[in-house]
Structure formats: structure tokens, C-alpha cells
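> pasting the sequence and the predicted coordinates here, then a few questions.
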Amino acid sequence: MTVAPALTLPGCVPSAKQQIVPIVQHEQLAQGTFRVRLECPEIASQAVPGQFVMIREPHRSDPMLGRPFALYDTYLDANGQPAGIDVVYLVVGKMTGLMSRWQVGDSAEIWGPLGNGFPAPPAGRLVLVAGGIGQTPFLAIAREALGQRKYGLPNRPVLNQPENVTLCYGVRSREYLAGLDDFSALGLNVRIATDNGSQGHHGYVTDLLREELNRSSHDTTVYCCGPEPMMHAVARMCEERNVCCFLSLETPMACGFGVCFSCVTKVRLPDATWDYRRVCVEGPIFRATDLFLERPA
Ligand SMILES: Cc1cc2nc3c(=O)[nH]c(=O)nc-3n(C[C@H](O)[C@H](O)[C@H](O)COP(=O)(O)OP(=O)(O)OC[C@H]3O[C@@H](n4cnc5c(N)ncnc54)[C@H](O)[C@@H]3O)c2cc1C
Ligand code: FES
């Protein structure tokens, strides 16, 4: 199958494209977790780490709506140009269940790249905190932070590369660890936590972050993605130590490009009032201190 012509989306994201594209690789990485490779050069060449795409099965009305998935990484053609994207997903329901049965040569409907993406990697120390399938936005940002790949059209500049990049990655048990080889191959510092102690630290990933911040919180930036209670705990820990923290929200979405308002989250405004922001357009990455987060009782 060849890549169908890309259509421009209406509304808020004129640079995003909608396309039916070939599935060129599909493999299982961990329990219930798969990586699918989609050939989509136009989307891949524009995408930056932390952005996402919406995916659905073409020519099918159930499920009707697409589902959001983070850019895991781009892959390159023989000339070193972006040829497509990888998405890593955990099977949780209807759409991801269907996706797990996709074969190489099938096609997928995608639109993107969507959302704001992470800020370009900062100077100093960058700590990536992932809970469960929340590791997916971090491969590309780690690669960019380490100067191993550029993203965006034109490529976005990384003015000061971080001196140190650490991934703290927590899952229920070792069977759910996905993409460890990909992260290890980059040469960053990878720390694992499992709830049941089957690999790495026995306990929560927040324990690892606390150790990292106790070692030094000076000049540290935290990027975090995972279940909400974990992100809230990370945000509080960073706020207490005055550490800059960005959260990647995984709010369910219907359109992904700003027209349905199904994805709003409450944000603080500079004048101490609040308003809603669409996670698909103004997010999914937010500065933690801009969000209304649950406080412990
Ligand atoms: C910006 C963004 C990036 C994402 N990136 C990834 C990714 O890289 N890999 C990945 O596996 N998943 C990712 N997700 C989550 C993914 O979109 C959902 O897992 C997916 O929509 C589930 O679709 P489904 O049809 O299989 O499940 P459904 O049949 O729609 O739902 C099954 C169950 O999951 C719950 N559910 C569905 N979506 C969410 C959600 N977002 N948060 C909490 N519970 C939910 C439902 O309430 C229901 O109980 C991301 C979400 C967002 C917003
Ligand atoms: S998902 Fe439709 S506006 Fe965000």
C-alpha cells in the first residue's frame, strides 16, 4: 500500500495532516504492550517530542472516534529523512484491542502531529518520570536532549543540552516494562521501580524521584507522564523543592484538534482566577504549577 494524500485538518491546527497510512511494523514489547510503525513522512517530519497523533481504523464506524497516542519516536529513511512514526500502546479497551490484531500491510487512519509538545530540553539536569505506559513520550525527548536526533520542521534548536538525563520508570511488575532496550541504547541513566519488587526498586517511582531530588534539586527540570495520582505526587514533590515540573496529561479526547471541548482541564490564571484549557491544543504538556491538582486530605 502507498501513503494516501494528506488532508489538512480544519480549525486550530492547520499544520496537522489527516491520512490513511500503511502499517510497516508491529511487535509486542511487553505484557499487553505493542509498538506499531506507521509510514507517514509528512507527519513525522513535523512532529516534536511530547506531541501526539489520533489513530482510528479506517472505513469503520465502531469505534467512531480516534484515540490519542504519544509520539514514541520517528524513524528515518535511507537518506536520513523522517519516514514515519512509532507508537507504543497498552491494550486497555476497544480501540487498543483492535489495534493489537493489526498486521503489517494493514492501514491506519491518523491525524497529527497534535498538541504543544515538551519545551526543548533545558540546560542542567533533566529527570523524566514515567508511570506505566506513561514512558511513551520520553524516548524522543531523551534522544533530543542527548543530541542524537533533531525534531520539527524546521528542526527546533536545543540551545543548551542537559548535562545529565535520567529516566525514572515505574510499573506494576517487570512484565510491563516496555522499550527498556530503546532507552538503554541512548546511554541515559535508567532507574526502574516495580510495585511488587520484581525488578529494580521495590516501591513507587516517586521514591526514585525523591532520591534524585534529595541528591540535588539545583538546576533540575522534571518532565512527568503517568497515572494522575502519580503525576500529582510528582508535582507536589517538585513544588516543595522549587523544581520546575511539566506534566503530560492523558485526558480522554474525542477530536484531538480543538473543536469538541471534551478534553478540558482547569488551569490557574496569573490574576489568581481560573479557566479551562483544551488538553489537545493548549496541552497535553502543562507546567505543573499552572494546573489545579488534588491536594492530600
Ligand atoms: C495525549 C495523550 C497521549 C497518549 N499516549 C498514549 C500512548 O502513547 N500509549 C498508550 O497506550 N496510551 C496513550 N494514551 C491513552 C490512550 O489514548 C487510551 O489508552 C486509549 O484511548 C484507550 O482506547 P480504547 O478504545 O482501547 O479504550 P476504551 O474502550 O475507550 O476505554 C477502556 C477503558 O480505559 C479508560 N480510558 C480510556 N482512555 C483513558 C485515558 N486517557 N485515561 C484514563 N483512562 C482511560 C476508559 O475509561 C475505560 O475504562 C494517551 C492519551 C493522551 C490524551
Ligand atoms: S479533544 Fe476535542 S477539543 Fe480537545
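Arrived safely. Ligands and ions are numbered 1, 2, ... in the order given.
> in the lengthiest helix in the chain, which residues are buried?
Of all the elements of type helix in the chain, the one with the most residues (DSSP state H) is helix 228-240. The neighbour-count criterion (16 or more other C-beta atoms under 10 Å) identifies 230-238 as the buried residues of helix 228-240. Quick note: C-beta positions are derived from backbone N, CA and C, even for glycine.
> show me the contacts for residue 46.
Contacts for residue 46 were tallied using C-beta atoms under 8 Å, 6 or more residues apart in numbering; they are 15, 113, 152-153.
> could you do residue 123 as well?
Applying C-beta under 8 Å, 6+ apart, the residues near residue 123 are 159-163, 219.
> distance of it from ligand 1?
When C-beta to the nearest ligand atom, to the nearest Å is applied, the distance between residue 123 and ligand 1 equals 26 Å.
> state the pLDDT value of the closest residue to residue 197 other than its chain neighbours.
Of all residues not flanking residue 197 in the chain, residue 203 sits nearest, at 7.8 Å (C-beta to C-beta, 6 or more residues apart in numbering). At residue 203, the model reports a pLDDT of 98.
> wait, residue 108 sits on residue 98?
No - Residue 108 is beyond contact range of residue 98, at 10.3 Å (criterion: C-beta atoms under 8 Å).
> who's more crowded, the two?
Legend: neighbour count by other C-beta atoms under 10 Å for residue 108 and residue 98, higher for residue 108 (22 against 16).
> how about that one, phi and psi?
In this entry, residue 108 is assigned phi and psi values of phi -130, psi 150 (degrees, to the nearest 10).
> on that earlier part again, which single one of the buried residues of helix 228-240 is nearest to ligand 2?
Comparing these against ligand 2 with C-beta to the nearest ligand atom places residue 231 closest, at 18.7 Å.
> quick one: residues contacting the residue nearest in space to the middle of the chain.
If you average the C-alpha coordinates of the chain and look for the closest C-alpha using C-alpha atoms, centre = their mean, you land on residue 137, 2.5 Å from that point. Residues in contact with residue 137, defined by C-beta under 8 Å, 6+ apart, are 49-50, 70-72, 118, 223, 225, 248.
> and if you look at residue 253?
Residue 253 neighbours (C-beta under 8 Å, 6+ apart): 54, 67-68, 262-263, 279-280.
> also residue 165?
The contact partners of residue 165, taken as C-beta under 8 Å, 6+ apart, are 121, 125-126, 128, 142, 145-146, 188-189.
> what helix or strand is it on?
Per DSSP states H and E: residue 165 is located in strand 164-171.
> strands paired with that strand, and their directions?
Counting by DSSP bridges, the strands paired with strand 164-171 are strand 125-131 (parallel), strand 189-194 (parallel).
> that one: what's the following helix or strand?
With DSSP H and E, the next secondary element past strand 164-171 is helix 180-186.
> elements contacting that next one?
Judged by 3 or more C-beta pairs under 8 Å, 6 or more residues apart in numbering; DSSP states H and E, helix 180-186 is in contact with helix 138-145, strand 164-171, strand 189-194.
> which one of those lies nearest to ligand 2?
helix 138-145 (21.9 Å).
> tell me the angle of the closest one relative to strand 125-131?
Note on geometry: by axes from the mean of the first three to the mean of the last three C-alpha atoms, to 10 degrees, helix 138-145 and strand 125-131 are set 170 degrees apart in direction.
> returning to that earlier point: make TSV out of the helices and strands packed on helix 180-186 and add distance to ligand 2 and mean pLDDT.
Conversion of those to TSV gives the following (distance: least, C-beta to the nearest ligand atom, whole Å; pLDDT from 0 to 100):
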stretch	distance to ligand 2	mean pLDDT
helix 138-145	22	97
strand 164-171	27	97
strand 189-194	32	97
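> now the ones you listed as a markdown table including distance to residue 91?
Supplementary listing: the helices and strands packed on helix 180-186 in a markdown table, determined by distance: least, C-beta to C-beta, whole Å:
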| stretch | distance to residue 91 |
| --- | --- |
| helix 138-145 | 20 |
| strand 164-171 | 15 |
| strand 189-194 | 20 |
